[in-house]
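# Structure of the sequence below:
(2 chains)
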Number of protein chains: 2
Amino acid sequence: MPLPFASRLDNVETSAIRELFKLLGKPGIISFAGGFPDSAMFDVEGLREASQKALAEEPGAALQYGATEGYEPLRAQLAAFEQSKGVQDIQPHQLIVTTGSQQALDLLGKTMISPGDKVIVEGPTFLATIQCFRLYGADLVSAPIDSQGVDVDKLEALIREHKPKFVYLIPTFGNPSGALLSLERRRKVLELAVRYQTLIVEDDPYGDLYFTKEPPPPSLLALSKDVPGSRDWLAHCGSMSKVLSPGLRVGWLVAPPELLAKATMCKQFSDAHTSTFAQATAAQYLKSGRMPATLDRVRKVYAERALAMGDALKRELGDAIEFTQPQGGLFFWARLTGAGGKVSDAAEFAKRAIEKGVAFVPGAPFFAKEPDRSALRLSFATAGVDKIAEGVARLRQAS
Amino acid sequence: MPLPFASRLDNVETSAIRELFKLLGKPGIISFAGGFPDSAMFDVEGLREASQKALAEEPGAALQYGATEGYEPLRAQLAAFEQSKGVQDIQPHQLIVTTGSQQALDLLGKTMISPGDKVIVEGPTFLATIQCFRLYGADLVSAPIDSQGVDVDKLEALIREHKPKFVYLIPTFGNPSGALLSLERRRKVLELAVRYQTLIVEDDPYGDLYFTKEPPPPSLLALSKDVPGSRDWLAHCGSMSKVLSPGLRVGWLVAPPELLAKATMCKQFSDAHTSTFAQATAAQYLKSGRMPATLDRVRKVYAERALAMGDALKRELGDAIEFTQPQGGLFFWARLTGAGGKVSDAAEFAKRAIEKGVAFVPGAPFFAKEPDRSALRLSFATAGVDKIAEGVARLRQAS
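The predicted structure follows:
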């Protein structure tokens, strides 16, 4: 007799991408498939010092059980970090530390979603969000996007039609879209939150990775001060993973008090608290003042790589591919046009590409509904500029 | 309009214990209330060296995203650790690393429990387990225990009656019971698993903390080799929290392959993976060979404290209290008899005790059903022997 698993597992499927990732072990493959930062950019020395300081100054706290809400010195540092990005009115008690921002999504799902509830996400959106919310029984509705982010008029129509539990957006350099929600649309999203009394979840792991001289438009969290009442309908997920280290598993959730209290209760029974050793290390790192230089270095390297990839894609694939050059983040989101009789199905292209020694992720699984089979995601984060040129040349051979 | 929270939150209530814990900040309180190990016992030097080695030898792996199943060198060390405790046939791929064993419970809930499903737990059992499973909609059934652990005849009757999704036990030095399931009953539990094709979940965070010269009876996991077929119906949750450091948040789950695969999928969308920095630190620590000496030291100190508390309780409270002297773990589980007109309600006793400057946890919240209001839990882990004597003297004043 098989084990009688919970019915919620029927709502998810094993990722199609997993099959692809198995092929990445092939020797000599150049990978644009991953969603992770480049290990070579980690400030190992800074993190070593931070972890030593954590153990030297407060070994008891760094190694003992801690409050579910998070380690107080880290909450204070994270509040200050958000303040440095224009969030004027944030206090440490208005956020909780989560085990990566993935856990913030999980806690939002656990706290908010009853089976059958509607949740609006972008089409395309982060793959693990789709599965995470479906495990709680969400019925996902897909709002279309363009290079300026989610189409706010269509979003409004969908909110009116579906009365969702919440709307999940990655407004800044989205995964997989790379899109940047315009300032005007950001205001509109916050106004919709207030008008329809609908929670907006802003997932913001990439906002610090901008390639322009000036930062992108403020996060919804920072902008909420300009839209009266919107802060009551806004949850914000932050992460150290893309800028400092994913291995620490340090993220955070800012939310209205009642939601934060419920999420904290759910977290208590999910993992009690996030590793205090990792939290104390992150707190010491932020306190050390090394973060601004780390951000500068990371932005510079990823900006070069993004430029190299954009140039190579135009040079090698010409009008067989279309995309908007990303202004930040880790990803190109592109569409195969089929021009000149080239391949237009991204899954087929991915198979051929692997044979030529280069990997990327087809775009279809990133859609909760109605996949675009011509779309693909290319990460420029982990390959140097020479490898990027070589990898895109291989893409041409496969096209 | 309030936020529309998920219906699953209706199944849990804010812990009564929380209110009590707020009072623990009072100056001069001697606390027997906590469920955590003594920070003074942490091998800070060993963990410092381990964390440095992790960053020196493999900074990329320790700081990067990792496999959801866990960091391979840690899985190998944990398998070897289980082997050292008599689990003969365990391989690294048969366990996954979890963010504390609390997350193993959460993953079991997510993987197995559909709303309305029956789950059998001990009465009393771990408070966070009750709430964790209820969040997934479990209808908990309580199996009675004595100082030899769960009553296996009654357990069999309850399995027959309720056909539960699984049975959750803390067989070795249970929280809060301190009880030790006898070898005979362990065999019977495994036989019941096979006979009724019912999953048994063994939660084992305290098994290493024994005070006797010889170890306690083998874990259900170790014993499963003697009961054909039982390994297919057994999940085992392990933890580094009570013996090494809770702040690392390193636990593990051993389970049959299909269950382990589903739990891994659920973990992917819960927190992606456990902190690789914490995992690499734990792996280096286990590899360093310091664990046996750490265990010896911890066992010796807790054994002294348990002895001191037992003596003091007899001396100060006499026949007003009854208990079985624990042979391991962190807790005394006791009943107020009311003899000599002393207080017999543990909640009332707890209030009076706080006024006298000593804290413990009343037992009622540890019961999923039909609480015993005369029961209480006393931890001897964090107070030295002098403080224990002083604290129990205060209990007499409050009685």
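
# Quick check: A:G70 touching A:G251?
No - using CB atoms under 8 Å, A:G70 is not in contact with A:G251; the gap is 10.3 Å. (Glycine included, C-beta is placed from N, CA and C.)

# Can you name every helix or strand that the helix ranked longest in chain A contacts?
If you go by DSSP state H, chain A has its longest helix at helix A:291-317. Counting contacts by 3 or more CB pairs under 8 Å, 6 or more residues apart in numbering or on different chains; DSSP states H and E, helix A:291-317 packs against strand A:321-323, strand A:331-336, helix A:385-398.

# any shared contact partners between A:G70 and A:G251?
Common contacts of A:G70 and A:G251, defined by CB atoms under 8 Å, 6 or more residues apart in numbering or on different chains, comprise A:V97.

# about what we covered before: go through the longest helix of chain A and flag the buried ones.
Applying a neighbour-count criterion of 16 or more other CB atoms under 10 Å in any protein chain shown, one finds A:291, A:294, A:298-299, A:301-303, A:305-306, A:308-310, A:312-313, A:316-317 buried in helix A:291-317.

# Let me know the angle separating that helix from strand A:331-336.
Between helix A:291-317 and strand A:331-336, the angle formed by their directions is 20 degrees, by axes from the mean of the first three to the mean of the last three CA atoms, to 10 degrees.

# For helix A:291-317, give the mean pLDDT please.
Mean pLDDT, helix A:291-317: 98.

# before we move on, what about stretch A:83-90?
For stretch A:83-90, the mean pLDDT works out to 94.

# next one: stretch A:149-166
Summarised as a single mean, pLDDT over stretch A:149-166 is 98.

# circling back to that earlier point, tell me which of the helices and strands packed on helix A:291-317 approaches B:V121 most closely.
Nearest to B:V121, of all those, is strand A:331-336, at 45.6 Å by CB to CB.

# Buried residues of the longest strand seen in chain A, list them for me.
Longest strand in chain A, counting residues (DSSP state E): strand A:139-146. Across strand A:139-146, burial judged by 16+ other CB under 10 Å covers A:139-143, A:145.

# quick one on the thing from earlier: and the helices and strands packed on helix A:291-317 as TSV, adding mean pLDDT and mean neighbour count?
Formatted as TSV, these follow (pLDDT from 0 to 100; neighbours: other CB atoms under 10 Å in any protein chain shown):
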stretch	mean pLDDT	mean neighbour count
strand A:321-323	98	19
strand A:331-336	98	23
helix A:385-398	98	18
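
# Relative to chain B, which of these is closest?
Chain B lies closest to strand A:331-336 among the helices and strands packed on helix A:291-317, at 15.5 Å (CB to the nearest CB).

# Past the closest one, which element shows up next along the chain?
Using DSSP states H and E, the helix or strand that follows strand A:331-336 in sequence is helix A:346-356.

# Check which helices and strands the helix or strand following that next one is in contact with.
Scanning forward in sequence from helix A:346-356 by DSSP H and E, the next helix or strand is strand A:358-359. Strand A:358-359 sits against strand A:30-31, helix A:385-398, with contacts defined as 3+ CB pairs under 8 Å, 6+ apart.

# ok, now with 6 Å
When contacts are defined as 3 or more CB pairs under 6 Å, 6 or more residues apart in numbering or on different chains; DSSP states H and E, strand A:358-359 sits against helix A:385-398.

# who's in contact with the helix it packs on?
A:30, A:308-309, A:312-313, A:316-317, A:352-353, A:356-358 (CB atoms under 6 Å, 6 or more residues apart in numbering or on different chains).

# Please repeat the previous calculation with a cut-off of 8 Å.
By CB under 8 Å, 6+ apart, helix A:385-398 touches A:30, A:32, A:304-305, A:308-309, A:312-313, A:315-317, A:343, A:349, A:352-353, A:355-358, A:360, A:380, A:383.

# Now do it against helix A:346-356, angle only.
Interaxial angle, helix A:385-398 versus helix A:346-356 (the same axes, to 10 degrees): 110 degrees.

# from the buried residues of helix A:291-317, which is closest to B:V150?
Set against B:V150, the nearest of those by CB to CB is A:M291 (51.7 Å).

# Is it correct that A:A339 is in contact with A:D319?
Yes - contact criterion CB under 8 Å: A:A339 and A:D319 qualify, at 4.4 Å.

# mean confidence for stretch A:252-268?
97.

# does chain B sit close to that stretch?
Yes - against chain B, stretch A:252-268 shows contacts by CB under 8 Å from any CB of the partner chain at A:256, A:258-259, A:262, A:265-266, A:268.

# Out of those residues, the closest to A:V97 would be?
A:Q268 (13.0 Å).

# so after the helix or strand hosting the closest one, what's the next helix or strand?
Using DSSP H and E, A:Q268 sits within helix A:257-271. Per DSSP H and E, the first helix or strand lying C-terminal to helix A:257-271 is helix A:276-288.

# show me what contacts the residue nearest to A:K262 when sequence neighbours are not counted?
What sits nearest to A:K262 in space, not counting adjacent residues and going by CB to CB, 6 or more residues apart in numbering or on different chains, is A:T111, at 4.7 Å. Contact analysis of A:T111 by CB under 8 Å, 6+ apart lists A:259, A:262-263, A:266, B:5-6, B:9.

# Show me which of those is closest to B:V227.
Taking the contacts of A:T111 together and measuring to B:V227 by CB to CB, the closest member is A:C266, at 36.5 Å.

# Which residues of the stretch 151-300 of chain A lie near chain B?
Counting by CB under 8 Å from any CB, the residues of the stretch 151-300 of chain A near chain B are A:165, A:197, A:199, A:241, A:245-249, A:256, A:258-259, A:262, A:265-266, A:268-278, A:281.

# one step back: please tabulate the buried residues of strand A:139-146 in TSV, including the columns pLDDT and distance to chain B.
Shown next, in TSV, are the buried residues of strand A:139-146 (pLDDT from 0 to 100; distance: CB to the nearest CB, whole Å):
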residue	pLDDT	distance to chain B
A:D139	97	14
A:L140	97	14
A:V141	98	16
A:S142	97	19
A:A143	98	20
A:I145	97	22
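
# returning to what we had before: give me the contacts around the longest strand of chain A.
Applying CB under 8 Å, 6+ apart, the external contacts of strand A:139-146 come out as A:116-125, A:130, A:133-134, A:150-151, A:154-155, A:158, A:162, A:164, A:167, A:174, A:177, A:179, A:367-370.
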